[in-house]
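Peer 1: after the sequence you'll find the predicted model.
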Amino acid sequence: MSKATKRRQPEEPAVQLADDLRDQAAAVMGEIAEFLRSVPDEKLFGDTEFVVRDQVLKLVASAFTARLAQKKTATSAVAPSVPTADEPPSSTAIASAIP
């Protein structure tokens, strides 16, 4: 197996991830551009910054989600740390045992 073949295999998921993120980023950047175009100059900073930041953070979150989706060992649910009880434990009244 050549070095080029060894290098291409790990890059393929990275290339696919980059393509997916590029598509998502283009859509988000288009939304941000439209939003910023509609905001008057005097309101460009302040709350507008937070709206844009939230959009960018959503893109970053989707990047991490897409990367985790590529993992073969990824699971959708967390495994329970302890087994569940089949029946509740039996209980007795201790008040009758106290004189």
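Peer 2: Yep, it's here. Numbers count the residues shown, from 1 in each chain.
Peer 1: most centrally placed residue in the protein?
Peer 2: residue 65 (3.8 Å; Cα atoms, centre = their mean).
Peer 1: in which helix or strand does that one reside?
Peer 2: Of the helices and strands defined by DSSP states H and E, residue 65 is found in helix 47-70.
Peer 1: now do that helix: distance to the chain's middle.
Peer 2: On the basis of Cα atoms, centre = their mean, to the nearest Å, helix 47-70 is displaced by 9 Å from the centre of the chain it belongs to.
Peer 1: just stretch 61-72 next, same as before
Peer 2: Centroid displacement of stretch 61-72 relative to its chain, using Cα atoms, centre = their mean, is 7 Å.
Peer 1: start at 554, not 1
Peer 2: Sure thing, new numbering starts at 554, so read that last one as stretch 614-625.
Peer 1: what average pLDDT does that stretch get?
Peer 2: Stretch 614-625 carries an average pLDDT of 80.
Peer 1: got it, and stretch 631-646?
Peer 2: Taken as a whole, stretch 631-646 carries a mean pLDDT of 72.
Peer 1: please export the alpha-carbon coordinates of stretch 620-639; PDB is fine.
Peer 2: Listed in PDB are the C-alpha atoms of stretch 620-639, where the atom choice follows Å, rounded to 0.1, in the frame of the first residue of the first chain:
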ATOM      1  CA  ARG A 620     -18.300  15.200  13.000                       C
ATOM      2  CA  LEU A 621     -19.800  13.000  15.700                       C
ATOM      3  CA  ALA A 622     -22.200  11.500  13.200                       C
ATOM      4  CA  GLN A 623     -19.200  10.300  11.300                       C
ATOM      5  CA  LYS A 624     -18.000   8.200  14.200                       C
ATOM      6  CA  LYS A 625     -18.700   4.500  13.800                       C
ATOM      7  CA  THR A 626     -19.000   4.100  17.600                       C
ATOM      8  CA  ALA A 627     -21.400   7.000  18.100                       C
ATOM      9  CA  THR A 628     -24.600   6.100  19.900                       C
ATOM     10  CA  SER A 629     -27.800   8.000  20.200                       C
ATOM     11  CA  ALA A 630     -28.600   7.100  23.800                       C
ATOM     12  CA  VAL A 631     -26.500   6.900  26.900                       C
ATOM     13  CA  ALA A 632     -26.100   3.400  28.400                       C
ATOM     14  CA  PRO A 633     -27.500   3.100  31.900                       C
ATOM     15  CA  SER A 634     -24.900   2.900  34.600                       C
ATOM     16  CA  VAL A 635     -26.800   0.500  36.800                       C
ATOM     17  CA  PRO A 636     -29.400  -2.100  36.100                       C
ATOM     18  CA  THR A 637     -33.000  -1.300  36.800                       C
ATOM     19  CA  ALA A 638     -35.000  -3.100  39.500                       C
ATOM     20  CA  ASP A 639     -37.700  -5.500  38.400                       C
END
